[in-house]
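Asks: fold the following, please.
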Amino acid sequence: ITFISVLSYLFYMSWKLSLFTFVAIPLFVVMLSYFTTRIKDVTHKVQKKTADITHITQEVISNIKLVQAYTMEGKEKKRFDKEMRRNFNFNMIIARLKASMEAILQQAQGVIILAILFVGGTMVLNNELTGPELLGYYTGVGLLIDPVQALSNVYVAIQQGMASTDRMFEVLDAKVHIQS
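Replies: Coordinates of the predicted model:
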């Protein structure tokens, strides 16, 4: 609701400046798509590694007497540590991607805001807009930042959820290899 209200207000204030402002939307969509695709790909790997860790844990616990009988505790711990390290590394990649995405999107927002001030200032100099109108417009753009960031965070979360769902369907669709 805030997003639509503010958009209406901005177009009411200056449709020319609004059109200039919204030319940047495809740029944000491309950047967001790039990062969310990468995050989704890595999330698939995290899901796979989590399944591997669960499998190793279940295997060791169900065969604990054999592991202990053959003194394989050290080997099993190394195997578990190796999978945990891989899982950790994939999670760190996701964290770096999210941090990079946030930083790049914030820099792009800053550039857009500076461009709005420049174009709006030019419009004030050409008497197409008054100073208070530009200030009101600038305030409206500031109000859009939080909803846009919230939408991008929701989109990232949805993509990560989709990766989890894809993994779940992959497991459910796997063919059973047990023969009687």
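
Asks: which helices and strands does the least confident helix or strand in the chain by mean pLDDT pack with?
Replies: Sorted by mean pLDDT, DSSP states H and E, the helices and strands of the chain end with helix 131-173, the least confident at a mean of 85. Applying 3 or more C-beta pairs under 8 Å, 6 or more residues apart in numbering; DSSP states H and E, we find helix 131-173 packed against helix 2-13, helix 25-62, helix 73-125. No exception for glycine: its C-beta is placed from N, CA and C like everyone else's.

Asks: what angle separates that helix from helix 25-62?
Replies: Angle of helix 131-173 versus helix 25-62, following axes from the mean of the first three to the mean of the last three C-alpha atoms, to 10 degrees, is 30 degrees.

Asks: low-confidence ranges in this protein?
Replies: Across the chain, the ranges flagged by pLDDT under 70 are 179-180.

Asks: let me know the outermost residue of it.
Replies: Ala69 (46.9 Å; C-alpha atoms, centre = their mean).

Asks: how about the nearest residue to the spatially most central residue of the chain, chain neighbours excluded?
Replies: Using C-alpha atoms, centre = their mean, the residue of the chain that lies closest to the mean C-alpha position is Val156, 3.2 Å off. Distances taken as C-beta to C-beta, 6 or more residues apart in numbering place Thr36 nearest to Val156, at 5.5 Å, with adjacent residues excluded.

Asks: Ile145 too?
Replies: Going by C-beta to C-beta, 6+ apart, Ile145 has Gln109 as its nearest residue, at 6.3 Å.

Asks: what's the local residue count around the one you found?
Replies: When counting by other C-beta atoms under 10 Å, one arrives at 17 neighbours for Gln109.

Asks: Asp146 is in contact with that one, correct?
Replies: No. The criterion here is C-beta atoms under 8 Å, and Gln109 misses it with Asp146 at 11.1 Å.

Asks: quick check: the residue farthest from the centre of the chain vs Gln58, distance?
Replies: Distance from Ala69 to Gln58, counting by C-beta to C-beta, to the nearest Å: 19 Å.

Asks: how many neighbours does Val111 have?
Replies: Neighbours of Val111 under the rule other C-beta under 10 Å: 12.

Asks: er, Leu17 I mean
Replies: 23.

Asks: quick check: it touching Met123?
Replies: Yes. Contact status for Leu17 versus Met123: in contact at 6.5 Å, counting by C-beta under 8 Å.

Asks: list residues touching both of those two?
Replies: Shared contacts of Leu17 and Met123 (C-beta atoms under 8 Å, 6 or more residues apart in numbering): Leu129.
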